[in-house]
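Peer 1: Structure for the following, please:
(chains A and B)
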Amino acid sequence: MPGKIKSTIELAMEKAARLPKLTKEERRSQQEREYRPRGRALAERFLAGDLAEGDLDLERSGDQGKHREIVREALLASLCQAIDLEDAAATARAFEGIRVLARDDDVEQASRRVNGILRDYQEERERELARAEEAETAALRALGVSGSAIRLNMERSERWRERRSELQERYRPRVDEVKRELGDHLRRILSLG
Amino acid sequence: MRLVGDLFAYLWSGRDNNCNRYVLAGVLKEGRHVVIDPGHVKTPALREAGLENLRDEMGRDGLDPDAIGLVLLTHCHPDHSEAARVIREKTGALVAIHEAEAAIYARFGGTVDLFLGEGSLALGTESPLELQVFHSPGHSPGHTTIYWPREKVLVAGDLIFYRSTGRVDLPGGDPRALRNSIARLSELEIEYLLCGHPYGHPGIIEGGDEVRRNFDFLRSYLRF
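Peer 2: So this is what the prediction gives:
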């Protein structure tokens, strides 16, 4: 009697069954590799304005249980990462997204603290930029160049770049501290959920 | 060669493509010069020495080619702007170009110190030379032209040539904008119209009547 002829799918299933089973950690790692990019992509599209707040409602997504948690964790981590001293608009948008996923007093407090730091930074930055522009304009006038047709490219001003770096070195650690605390808080919420 | 006042013209006479170069001599602090469109360092096909030619010609006119304080670029195309990068490195000159040209100029390796836009431009500390800068798009989006009212000189870049106009088929070219820019400049009183290239003509249209005839010719086929 000739043996039963097996289909390709049956052969593949048999082969797969002979493979060693994944450990719990390996399974988790495999799931993270698969689902974290989804969270990061959602955050990118939300920050870019391609998605609305309602689109971050993961309950409506097809992902279930553990998978949904991985997406949520990656999404929140990416939104936290977008909080930036030099970009008030992205920071505001990041907090809008974070609030959709985790709205509580700690998030609101973090938002107020970051806004305060960004406001202080912007005010000082404006003052310092005006000072640097004044100095550059004076140097330009001394060379013999003036008039309304000319505008300084301050990104080329060494004086301004140095001053801005000093300001960033002073303010960035304060923003980073809030981001770290917020990240810890969000991870705690997720582990409870 | 000295054209009028402190303005020198260095018309390109090579076989390959390069622009006409113009110099406002000694107008800045410590007698530094302003160069408008220094052109190619070396021309692309025949490797003719564009910048070296400019330096030699300036030297023959008694102008120190290392004493350049400012480079004004009418637009970013390399046949006008390439040498600005080298001049900046060598002499510490500042480079000015319209903001709409800056990104492409940076892609060619250029660095912009000043953005050049519509308005007045005074060069010099005592009794400065007063220029007017016009945003004149068409050949490129941030193309500028430079007018010296006292001597009635217009540096036209690649907007206007003798019986012709700049091309509009390059990226950012816009025929309607070109026509409007030319129409606007035709209202100026011009004795010397300095073209960006020696196309079919050395590139300096001299005399009010001749300049008017050139505008009339352009008007007849651009219909402005």
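Peer 1: use CA for all of it now, contacts and neighbours both
Peer 2: Will do.
Peer 1: Next, the contact list for A:Gln31, please.
Peer 2: A:67, A:70 (C-alpha atoms under 8 Å, 6 or more residues apart in numbering or on different chains).
Peer 1: Doesn't it lie inside a strand?
Peer 2: No. Under DSSP: H, G, I helix; E, B strand; the rest coil, A:Gln31 falls outside any strand and is assigned helix.
Peer 1: give me phi/psi at A:Asp87?
Peer 2: phi -140, psi 90 (degrees, to the nearest 10).
Peer 1: what's around residue 30, how many residues?
Peer 2: Since you didn't name a chain, this refers to chain A. A:Gln30 is flanked by 12 other residues according to other C-alpha atoms under 10 Å in any protein chain shown.
Peer 1: oops, chain B please
Peer 2: B:Glu30, neighbours per other C-alpha under 10 Å, totals 12.
Peer 1: On the pLDDT front, check it for me.
Peer 2: Note on B:Glu30: pLDDT of 95.
Peer 1: longest helix anywhere in chain A?
Peer 2: Determined from DSSP state H, the single longest helix within chain A is helix A:105-143.
Peer 1: Wondering if that one reaches chain B at all.
Peer 2: Yes. Looking at helix A:105-143 against chain B by C-alpha under 8 Å from any C-alpha of the partner chain, the contacts come from A:141-143.
Peer 1: for chain B, what are the nearby residues on chain A?
Peer 2: Residues of chain A lying near chain B (C-alpha under 8 Å from any C-alpha): A:141-154, A:156.
Peer 1: mind listing the helices for chain A?
Peer 2: Using DSSP H, the helices of chain A run over A:8-18, A:24-47, A:65-81, A:88-101, A:105-143, A:158-192.
Peer 1: and those, which is most packed in?
Peer 2: Mean neighbours per residue, mean count of other C-alpha atoms under 10 Å in any protein chain shown, is largest over these for helix A:65-81, with a mean of 21.
Peer 1: which residues are in contact with that helix?
Peer 2: The contact list for helix A:65-81 (C-alpha under 8 Å, 6+ apart) reads A:31-32, A:35-44, A:47, A:58, A:94-95, A:97-98, A:101, A:179, A:182-183, A:186-187, A:190.
Peer 1: Mind checking the pLDDT average for it?
Peer 2: When pLDDT is averaged along helix A:65-81, the result is 89.
Peer 1: from the middle of its chain, how far away would that helix be?
Peer 2: On the basis of C-alpha atoms, centre = their mean, to the nearest Å, helix A:65-81 sits 11 Å off its chain's mean C-alpha point.
Peer 1: same question, stretch A:143-156
Peer 2: Offset of stretch A:143-156 from its chain centre (C-alpha atoms, centre = their mean): 36 Å.
Peer 1: Next: stretch A:66-84.
Peer 2: 8 Å.
Peer 1: same question, stretch A:147-167
Peer 2: Distance of stretch A:147-167 from the chain centroid (C-alpha atoms, centre = their mean) equals 28 Å.
Peer 1: Equivalent analysis for stretch A:175-192, please.
Peer 2: 13 Å.
Peer 1: same check, this time on stretch A:29-49
Peer 2: 11 Å.
Peer 1: cool, and stretch B:210-224?
Peer 2: That offset, for stretch B:210-224, works out to 21 Å (C-alpha atoms, centre = their mean).
Peer 1: Now it: buried residues?
Peer 2: B:210-212, B:214-216, B:218, B:222 (16 or more other C-alpha atoms under 10 Å in any protein chain shown).
Peer 1: Reformat those residues as TSV; add secondary structure, distance to B:Thr43 and pLDDT.
Peer 2: Below are the buried residues of stretch B:210-224 laid out as TSV (DSSP: H, G, I helix; E, B strand; the rest coil; distance: C-alpha to C-alpha, whole Å; pLDDT from 0 to 100):
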residue	secondary structure	distance to B:Thr43	pLDDT
B:Glu210	helix	31	97
B:Val211	helix	30	97
B:Arg212	helix	33	97
B:Asn214	helix	29	96
B:Phe215	helix	30	97
B:Asp216	helix	33	96
B:Leu218	helix	29	95
B:Leu222	helix	31	85
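Peer 1: any low-confidence regions in chain B?
Peer 2: Under the criterion pLDDT under 70, no range of chain B is flagged.
Peer 1: For it, which residues are neighbours of chain A?
Peer 2: Selection of chain B residues close to chain A by C-alpha under 8 Å from any C-alpha yields B:27-29, B:69, B:96, B:112-125, B:128, B:132-133.
Peer 1: go again using 7 Å as the cut-off
Peer 2: B:28-29, B:112-125, B:133 (C-alpha under 7 Å from any C-alpha of the partner chain).
Peer 1: Which positions are bridged to B:Ile146 in the beta structure?
Peer 2: B:Ile146 has the following beta-bridge partners by DSSP bridges: B:Val133, B:Val155.
Peer 1: wait, doesn't it sit right on B:Val155?
Peer 2: Yes. B:Ile146 lies in contact with B:Val155 (C-alpha atoms under 7 Å); the separation is 5.0 Å.
Peer 1: if you go through chain B in chain order, where are the helices?
Peer 2: B:50-60, B:78-91, B:99-107, B:175-185, B:208-222.
Peer 1: right, and these - which one's nearest A:Ala12?
Peer 2: Distance to A:Ala12, taken as C-alpha to C-alpha, is lowest for helix B:99-107 among the helices of chain B, at 52.6 Å.
Peer 1: what's the spacing between the closest one and its chain's center?
Peer 2: 16 Å.
Peer 1: Give me the buried stretch members for that helix, please.
Peer 2: Residues of helix B:99-107 classed as buried: B:99-102, B:105 (neighbour count, 16+ other C-alpha under 10 Å).
Peer 1: One more: stretch B:174-184?
Peer 2: For stretch B:174-184, the neighbour count (16+ other C-alpha under 10 Å) marks B:174-175, B:177-183 as buried.
Peer 1: Greatest separation within these: which pair is it?
Peer 2: The distance between the two most remote of the buried residues of stretch B:174-184 (C-alpha to C-alpha) is 14.3 Å, for B:Asp174 and B:Ala183.
Peer 1: on that earlier part again, chain A: which of the buried residues of helix B:99-107 is nearest?
Peer 2: Chain A has its nearest neighbour among the buried residues of helix B:99-107 in B:Glu99, at 9.3 Å by C-alpha to the nearest C-alpha.
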